[in-house]
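[1] next comes the sequence, and after it the predicted model I'd like to discuss.
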Amino acid sequence: MALVHEFLGQLSINMGNEPTFPTVVPAVDFDPDRDATRIDTAIKTKGVDEQTIIDILTKRTYAQRREIAFAYERRTKKDMISALKGALSGSLETVILGLMKSTTQYDASVIRGSIKGLGTDEETLIEVLCSRSNTELVEIKKVYKELFKIDLERDVKGDTSGNFAKLLLALVETKRADPSAIVDYEKIDQDARALFEAGVNMKGTDVPTWISIMTERSVPHLQKVFQRYKSYSPYDMQESIVKEVKGDLQRSFLVLVKCFENKQLYFASRLHEAMKSKGAKEKIVTRIIVSRCEVDLKKICSEYKANFGESVQKTIMEHTKGDYQKVLLSLCGPEE
């Protein structure tokens, strides 16, 4: 049945080495049959009771939503995802259907959409591939193959070119080293000097050297490399990238470095840009809030407030409206 297909792939709850700061956590006193009954009633209500659907599905984890969907199917002999599709519309429908996928399935679907739409959506492809941890990328590759019956590498290779393609493919190869308890100062110095000599210190740029260092070293190691880099170069790593490369390659390297330095600040900045632009860029706002609500949205919200002077919640109130506003606020949780 469609439902079983939607839930292919394993639950993506623990993202490996990175600590999580979710805003959506398991509901206590959880009763999937009760929730399924309430959703069934909400869908059948004249005009649809969107508030009940929002209240339930934004306050349950993916694992719990999955149980609700199975309980709904047992009760009504219908597929809950299809029923929600039929009952909802617009931005609210997009968010709720996104929540019916695991974080990994959602990421895989976003990547597929950015590649298989009309022309490549490079911005989305860069955001997802350059911001996910090695552990997340390993899971995304597996689920991508299950859902779309093709390797992620093949899709990326078929839709990008040049050094931009080489960088994305190197990330998808997931060769990044795991963090180590031992700090190798000699290796840190070698890598910092190699980045300098492959860029600012030569005519042109030795892009393959940049790609190999930035896609194969562990994140804690690279954080120290970028610190050390400043003792060789008059520019920091981000400034050097802007000077040395252009276009999608520049954007990709910048996202990588920003995420190595502070991933949650990167997402907070993306949210800020998207919501402050004329007519909030809903696609970006939806993607970040849905994909990070069970990962690190709480920390993204705190970085947002610390760096932009107001809360994500207040910005959402100012720049969105209706059920879309309600569903985003519910996923972000209360201001802290």
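    Received, thanks.
[2] nearest residue to the middle of the chain?
    When CA atoms, centre = their mean is applied to the chain, the residue found nearest the centroid is residue 291 (4.8 Å).
[3] quick check: closest non-adjacent residue to it.
    residue 106 (5.5 Å; CB to CB, 6 or more residues apart in numbering). From N, CA and C alone the C-beta is placed, and that goes for glycine too.
[4] what residues sit buried inside the helix or strand where that neighbour lies?
    Taking DSSP states H and E as the definition, residue 106 sits inside helix 103-116. If you call a residue buried by 16 or more other CB atoms under 10 Å, then helix 103-116 has these buried ones: 103, 104, 105, 106, 107, 108, 109, 110, 111, 112, 114, 115.
[5] tell me the helix or strand right after that helix.
    Using DSSP H and E, the first helix or strand after helix 103-116 is helix 122-131.
[6] just the angle for the host helix or strand of residue 268 relative to helix 122-131, thanks.
    Using DSSP H and E, the element containing residue 268 is helix 247-276. Between helix 247-276 and helix 122-131, the angle comes out at 100 degrees (axes from the mean of the first three to the mean of the last three CA atoms, to 10 degrees).
[7] output the contacting helices and strands for helix 247-276.
    helix 122-131, helix 162-172, helix 207-216, helix 219-229, helix 237-244, helix 282-292, helix 297-308, helix 312-319 (3 or more CB pairs under 8 Å, 6 or more residues apart in numbering; DSSP states H and E).
[8] residues near residue 274, how many?
    19 (other CB atoms under 10 Å).
[9] low-confidence ranges, the stretch 51-200 of the chain, go.
    For the stretch 51-200 of the chain, no stretch has pLDDT under 70.
[10] which ones are touching the nearest residue to residue 305 once chain neighbours are set aside?
    The shortest distance from residue 305 to any non-neighbouring residue, by CB to CB, 6+ apart, is to residue 311 (5.0 Å). Residues in contact with residue 311 (CB atoms under 8 Å, 6 or more residues apart in numbering) are 301, 304, 305, 335.
[11] quick check: the third one touching residue 312?
    Just to be clear, that refers to residue 305. Yes. Counting by CB atoms under 8 Å, residue 312 is a contact partner of residue 305 at 7.3 Å.
[12] more neighbours, those two?
    When residue 305 and residue 312 are compared for neighbours, residue 312 comes out ahead with 28 against 17, by other CB under 10 Å.
[13] and that one, how close does it get to residue 195?
    For residue 312, the distance to residue 195 equals 34 Å [CB to CB, to the nearest Å].
[14] and residue 85, backbone torsions?
    Dihedral pair for residue 85: phi -60, psi -40, per degrees, to the nearest 10.
[15] who's in contact with it?
    By CB under 8 Å, 6+ apart, the contact list for residue 85 reads 93, 97.
[16] out of everything not next to it in sequence, what's closest to residue 95?
    Looking at residue 95 with CB to CB, 6+ apart, the closest residue is residue 327, at 4.8 Å.
[17] surely that neighbour touches residue 93?
    No. Between residue 327 and residue 93 there is no contact under CB under 8 Å: 10.0 Å.
[18] so these two - more neighbours on which side?
    For residue 327 versus residue 93, the count of surrounding residues by other CB under 10 Å is larger for residue 327: 29 against 17.
[19] for that one, which residues are in contact?
    By CB under 8 Å, 6+ apart, the contact set of residue 327 is 54, 58, 92, 95, 96.
[20] where's it relative to residue 272, distance?
    Residue 327 sits 20 Å away from residue 272, going by CB to CB.
[21] residue 211 too?
    29 Å.
[22] what's the answer for residue 207, then?
    Distance from residue 207 to residue 272, counting by CB to CB: 30 Å.
[23] check residue 155 too.
    30 Å.
[24] for residue 80, same thing?
    Distance from residue 80 to residue 272, by CB to CB: 34 Å.
[25] when these two are compared, which one has more neighbours?
    The residue with more neighbours, out of residue 80 and residue 272, is residue 80; 26 against 17, by other CB under 10 Å.
[26] you'd agree that one is up against residue 68?
    Yes. Using CB under 8 Å, residue 80 is in contact with residue 68, at 7.1 Å.
[27] now do the shared contacts for these two.
    Contact criterion CB under 8 Å, 6+ apart; residues shared by residue 80 and residue 68: 36, 39.
[28] one step back: secondary structure, neighbour count and distance to residue 283 added to the contacts of residue 327, as TSV?
    Shown next, in TSV, are the contacts of residue 327 (DSSP: H, G, I helix; E, B strand; the rest coil; neighbours: other CB atoms under 10 Å; distance: CB to CB, whole Å):
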residue	secondary structure	neighbour count	distance to residue 283
54	helix	22	20
58	coil	22	19
92	helix	22	14
95	helix	25	11
96	helix	23	15
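[29] ok, so of those residues, who is nearest residue 191?
    residue 95 (41.0 Å; CB to CB).
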